[in-house]
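> Build me a model from this:
(chains A, B, C and D)
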Number of protein chains: 2
Amino acid sequence: MKSPAEDHEALHARLKACDVRPTPQREVVLKVILDKRDHPTADEIFARVKAQMPTISLATVYNCLDTLVSCGLVRQVNFERAPTRYCPNLHEHAHFHDEATGKVHDIAVPADVLARLRAILPSGFEASAVELSFRGKAGTN
Amino acid sequence: MKSPAEDHEALHARLKACDVRPTPQREVVLKVILDKRDHPTADEIFARVKAQMPTISLATVYNCLDTLVSCGLVRQVNFERAPTRYCPNLHEHAHFHDEATGKVHDIAVPADVLARLRAILPSGFEASAVELSFRGKAGTN
DNA sequence: CCCATTGTTTAGAATAATTCTAATTCCTAC
DNA sequence: GTAGGAATTAGAATTATTCTAAACAATGGG
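Sure, this is the predicted structure:
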């Protein structure tokens, strides 16, 4: 657990490293995603952020999320037609959507499997992103 | 190319085989998806269906699509936050979303790759569905 | 230091895909 | 034929997200 000041330092540094202005709003949004790594929706993030910064608006949360996604600090996860979720795990990984609880679990993808996946593309196809997701009954993981 | 009557027969039969009432609306919706296998959205399907059955309503198209999806005659394909697309290819396959044209291509997934995918799940996880999709620059396929 | 420019935040309105509602119509089985 | 359940319809409602326009903040050049 870091002190608030250390926390702030770290967040600030991460944002600067990505060439985005480290505004307080962006820091708080990033913070809540890193703090509770449970794939929250924009609404959930909004609620958590408001606890620390009551004046923030939902539009700003969306703006910040867009920025964080496009600079690669968080990932976007979509399931079917459900609201977009946000994920701080930057390693290549898949998602498992538990049908019973609605929870999302990260699943590690070994490098060789990833390579196999890219290899199934016919020649001429250049994938800039691969999405892999499962749905079903999750284990006790 | 089949005659309209043969067409009707075939569609009718497919619906009955799935234990759903073979209504004219369901037949036409299924028909347009099978006829032009280009992953249309509900709106596009609505437009095509209206050409043959001008009185149909959008709600009915959604109802029919739901029915066809849940009885397994068509598959639903979701990309990011874009409108849901519908796919008549019932074989296990992945999708490639061409960023330039917006077109969706079916990609065959060899059985062993699929097996490998399911194998990356930790014990206790039971996947009822696997989704694999790519985004990028498509080939001439 | 001051202003201009540009980037950010904000509240609220707007949009777009989808779902819901309630009324009507259509089948199917008795 | 008629009762009862399923399907269709038009339109309203919902929901996540995006847009708009105004206010605000930071940065850099003079």
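
> Tell me how far the lengthiest strand in chain A lies from the chain's centre.
Counting residues, the longest strand found in chain A (DSSP state E) is strand A:126-137. Centroid displacement of strand A:126-137 relative to its chain, using C-alpha atoms, centre = their mean, to the nearest Å, is 15 Å.

> Show me which positions of it end up buried.
A:Ala127, A:Val130, A:Glu131, A:Leu132, A:Ser133, A:Phe134, A:Arg135, A:Gly136 (16 or more other C-beta atoms under 10 Å in any protein chain shown). Just so you know, the C-beta spots here come from the backbone N, C-alpha and C atoms, and that holds for glycine as well.

> Next, see if stretch A:112-129 gets close to chain B.
Yes. For stretch A:112-129, a contact with chain B is found by C-beta under 8 Å from any C-beta of the partner chain, at A:113, A:116-117, A:120-129.

> What about the residue nearest the centre of chain A? Give its phi and psi, please.
Nearest to the geometric centre of chain A sits A:Cys87, at 2.0 Å (C-alpha atoms, centre = their mean). Per-residue torsions, A:Cys87: phi -130, psi 130 (degrees, to the nearest 10).

> Next up, the contacts around it.
Contact partners of A:Cys87, counting by C-beta atoms under 8 Å, 6 or more residues apart in numbering or on different chains, are A:Ile33, A:Arg37, A:His39, A:Val74, A:Arg75, A:Gln76, A:Val77, A:His95, A:Val104, A:Asp106.

> just the strands in chain A please.
With DSSP E as the criterion, chain A has strands at A:75-77, A:85-87, A:93-98, A:104-108, A:126-137.

> What's the mean pLDDT across the longest strand of chain A?
When pLDDT is averaged along strand A:126-137, the result is 95.

> With stretch A:102-122 instead?
Averaged across stretch A:102-122, the pLDDT comes to 96.

> Can you confirm whether it lies near DNA strand D?
No. For stretch A:102-122, no contact with DNA strand D is found by C-beta under 7 Å from any atom of the strand; the gap never falls below 12.2 Å.

> How about the residues of chain A by DNA strand D?
Close to DNA strand D, as judged by C-beta under 7 Å from any atom of the strand, chain A has residues A:Arg21, A:Thr41, A:Ala42, A:Asp43, A:Leu58, A:Ala59, A:Tyr62, A:Asp66, A:Pro83, A:Thr84.
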